[in-house]
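# Sequence below, structure please.
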Amino acid sequence: MADGLRYRRIDTQMIPPADRFDYWRAMVAPLQLEPASRIPREFRVSAETLSLGGDIGVIEMDRGPATARWSREVGLAQGRLRLVVLGPADGAAAHWYGRDVPLTRGAAALLGATGGWWRVPTRLRGIEVDLPRAAVPVSDAELANLNAGRQLAADPVYTSLVRPALIGMVGHLEQLAATRLDGLAAVWTSLVTLLVASASKTGAGEAELAPARRLQASRFIAAHLADPGLGPETVAAGLHISRRTLYAALGTDDGIAAQIRRARLAAAQALLTDPADTRPIADIAAQVGLTSPAHFSRLFRRQYGQSPRELRAHPGHHNPDRRPPSS
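You can find the predicted model right below:
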């Protein structure tokens, strides 16, 4: 186990089914836990915790079926802040900061001193970072606003940096405990601080948010290449920002349309050099959102110095580093 990292796992699987619920209810008091049925034999919980040092930890849980309630005066109210990412759960719901939150598509929340509940008819999986409230400058009013609707889940710092980093830890807490990860507590404090500044629009300027927005734009483009209508307006709308903000974040001379074009051609090049892909070139062009074969061929030659047909005939002779002349 690496210095400063402490791992612990709790699983009710080894406890007789009839005793599991009462066992867990005693462990999580003063959380008010109630079974989803009169005989809670289906109830099960597994929990893994990784303490990072500095009173900061990561918790991964799989629990249910049950209903839990807590008051503002207990639990997280005691000087704690918790960033929670919950997976989709059929029929599940939660409540915090005076708002009902459906969990059928999952949810993201940053919780401080708030009462609430969650109700899970089957099972609920999630991972969270728990840290001292004093480590992150955020007011109760800001937390209430951050948890309104899906504001947090749409934030570029969350989608580009925080969520991938947290989801990437799922299933790996025990392995991480054996890895030397000096400063991981400080990293998570910084990430949550940046997230609060971004989502609350009170601390991070566009200069600080630009790297996250660029990464978010690249991922959105890659995921929507097949859409022939993909363009600056589409990307800006998908990221819930204005077109002006998008262009400011990119900081490039040729703009978002050129970035989309390069991404389309790079994806097409990879498909054309794949010996297992024998589809017609027109089909490959359509897959990357270029519905005119002639237009696709012209763009491709301009980018790579040869036609798609020539590349397919001689896949070892292409130049992946060639750039198009300025337009």
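# So for the nearest residue to residue 18 once chain neighbours are set aside, what's the pLDDT?
Counting by Cβ to Cβ, 6 or more residues apart in numbering, residue 18 lies nearest to residue 41, which is 6.3 Å off, once chain neighbours are set aside. In short, each C-beta sits where N, CA and C put it, glycine included. Model confidence at residue 41, given as pLDDT, is 76.
# Check residue 64 too.
So residue 64 comes in at 91 (pLDDT).
# now do residue 119
For residue 119, pLDDT reads 94.
# so it, which of the three states?
strand (DSSP: H, G, I helix; E, B strand; the rest coil).
# so what's the nearest residue to it once chain neighbours are set aside up against?
Closest residue in space to residue 119, ignoring its immediate chain neighbours: residue 67 at 4.6 Å, by Cβ to Cβ, 6+ apart. Residues in contact with residue 67 (Cβ atoms under 8 Å, 6 or more residues apart in numbering) are 33, 34, 35, 36, 117, 118, 119, 120.
# Point to the residue nearest the middle of this structure.
residue 163 (2.9 Å; Cα atoms, centre = their mean).
# hang on, isn't that one packed against residue 108?
Yes: with contact defined as Cβ atoms under 8 Å, residue 163 counts as touching residue 108 (7.1 Å).
# Touching both of those two, which residues are there?
The contact sets of residue 163 and residue 108 overlap at residue 85 (Cβ under 8 Å, 6+ apart).
# Now do the same contact list for residue 257.
Counting by Cβ under 8 Å, 6+ apart, residue 257 touches 231, 232.
# tell me the SS of it?
Using three-state DSSP, the secondary structure recorded for residue 257 is helix.
# Residue 22 now?
Residue 22 ends up helix, using three-state DSSP.
# What count of nearby residues applies to it?
Using other Cβ atoms under 10 Å, residue 22 has 14 other residues around it.
# how much space is there between it and residue 13?
16 Å (Cβ to Cβ, to the nearest Å).
# ok, now residue 151?
The value you get for residue 151 to residue 13, if Cβ to Cβ is used, is 37 Å.
# Could you check which of those two has the larger neighbour count?
With other Cβ under 10 Å as the criterion, residue 151 and residue 13 differ in neighbour count, and residue 151 comes out ahead with 15 against 9.
# quick one, what contacts that one?
So residue 151 contacts 145, 199 (Cβ under 8 Å, 6+ apart).
# Tell me the bridge partners for residue 50.
residue 7, residue 58 (DSSP bridges).
# Would you mind confirming that it makes contact with residue 172?
No: if you go by Cβ under 8 Å, residue 50 and residue 172 don't touch, sitting 9.2 Å apart.
# higher neighbour count, those two?
Between residue 50 and residue 172, residue 50 has the larger neighbour count (other Cβ under 10 Å), namely 24 against 13.
# mind checking how far that one is from residue 247?
40 Å.
# Where do the strands of the stretch 1-150 of the chain begin and end?
Taking DSSP state E, counting those that start in this stretch to define them, one finds strands in the stretch 1-150 of the chain at 6-11, 32-35, 44-53, 56-64, 66-70, 80-86, 93-96, 99-102, 107-111, 116-120, 124-132.
# low-scoring stretches of the stretch 51-200 of the chain, by residue?
Applying pLDDT under 70 to the stretch 51-200 of the chain picks out residues 74-78.
# Would you tell me which of the strands of the stretch 1-150 of the chain gets closest to residue 177?
Closest to residue 177 of the strands of the stretch 1-150 of the chain, according to Cβ to Cβ: strand 6-11, at 3.5 Å.
# what comes up buried for that closest one?
residue 7 (16 or more other Cβ atoms under 10 Å).
# List the contacts of it.
So strand 6-11 is contacted by 1, 27, 45-51, 173-174, 176-177 (Cβ under 8 Å, 6+ apart).
# how close does the residue lying closest to residue 241 once chain neighbours are set aside sit to residue 161?
Excluding the flanking residues, the one nearest residue 241 by Cβ to Cβ, 6+ apart is residue 213, at 7.1 Å. Distance from residue 213 to residue 161, counting by Cβ to Cβ: 11 Å.
# The two: who's more crowded?
Between residue 213 and residue 161, residue 213 has the larger neighbour count (other Cβ under 10 Å), namely 23 against 19.
# which residues touch the more buried one?
With Cβ under 8 Å, 6+ apart, residue 213 has these contacts: 156, 160, 239, 241, 245, 246, 249, 250.
# Many thanks, I have nothing further to ask.
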